[in-house]
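**Student:** Next input, structure requested:
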Amino acid sequence: MEVTIDAVTKENINDYIAVGIQSYKEHYLHLWQNNDPTPFIDAYLKEVPILNALKDPKQLFYLIKAGTSNVGILNLTFDVEQEKNIPKRNLLLNKIYLLKSYSGMGIGSKTLEFVYDLGKKYQKKVLWLYAMKKGKPLNFL
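**Tutor:** Okay, the predicted model is just below:
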């Protein structure tokens, strides 16, 4: 299956939003009181906040496709300075969400290869993400 990762633009932002909301609800409702993720969706998966974030050259938004189907979203941030133990030349993986029906097909691995290649291209020293308090950290070594 061919996986493509397209930059989000005004033309495909609604696809990013739709697949982002669907994939978020499929995986993360249990984290919210009464299974209501409205505060998160309003803050991160609506047109105005995404368009505002796209104005920042440090913010990157992508739509993940398998064949011609929209199957996930990816959001990255260059050089986050708020974490004192992270080198300045870093790449934060904010979001990598896939629709549940596309999990376990290697799409996430191909997306992480894309992120790794992007980090190398821009000479980043660290790729990192925030871990959920409810989950266990993964050891990549």
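**Student:** Low-confidence regions, this protein specifically.
**Tutor:** 83, 132-141 (pLDDT under 70).
**Student:** Would you mind measuring from the residue sitting nearest the centre point of it to H27?
**Tutor:** The chain has K95 as the residue nearest its centroid, 2.3 Å off, counting by CA atoms, centre = their mean. Relative to H27, K95 is positioned 11 Å away (CB to CB, to the nearest Å). Glycine gets a C-beta too; all of them are placed from N, C-alpha and C.
**Student:** swap in V48?
**Tutor:** With distances taken as CB to CB, V48 is found 24 Å from H27.
**Student:** Comparing these two, which residue is more hemmed in?
**Tutor:** Shown here are V48 and H27; by other CB atoms under 10 Å, H27 has more neighbours (14 against 8).
**Student:** same for the helix or strand containing that one, what does it pack against?
**Tutor:** Using DSSP states H and E, H27 sits in helix 13-28. Using 3 or more CB pairs under 8 Å, 6 or more residues apart in numbering; DSSP states H and E as the contact criterion, the neighbours of helix 13-28 among helices and strands are helix 38-44, helix 47-54, strand 59-66, strand 69-78, strand 90-98.
**Student:** and the residue of the chain most remote from its centre, helix, strand or coil?
**Tutor:** Distance from the C-alpha centroid of the chain, by CA atoms, centre = their mean, peaks at N34 (24.4 Å). The three-state assignment at N34 reads helix, by DSSP: H, G, I helix; E, B strand; the rest coil.
**Student:** so what's Q123 up against?
**Tutor:** The neighbours of Q123, taking CB atoms under 8 Å, 6 or more residues apart in numbering as the test, are R89.
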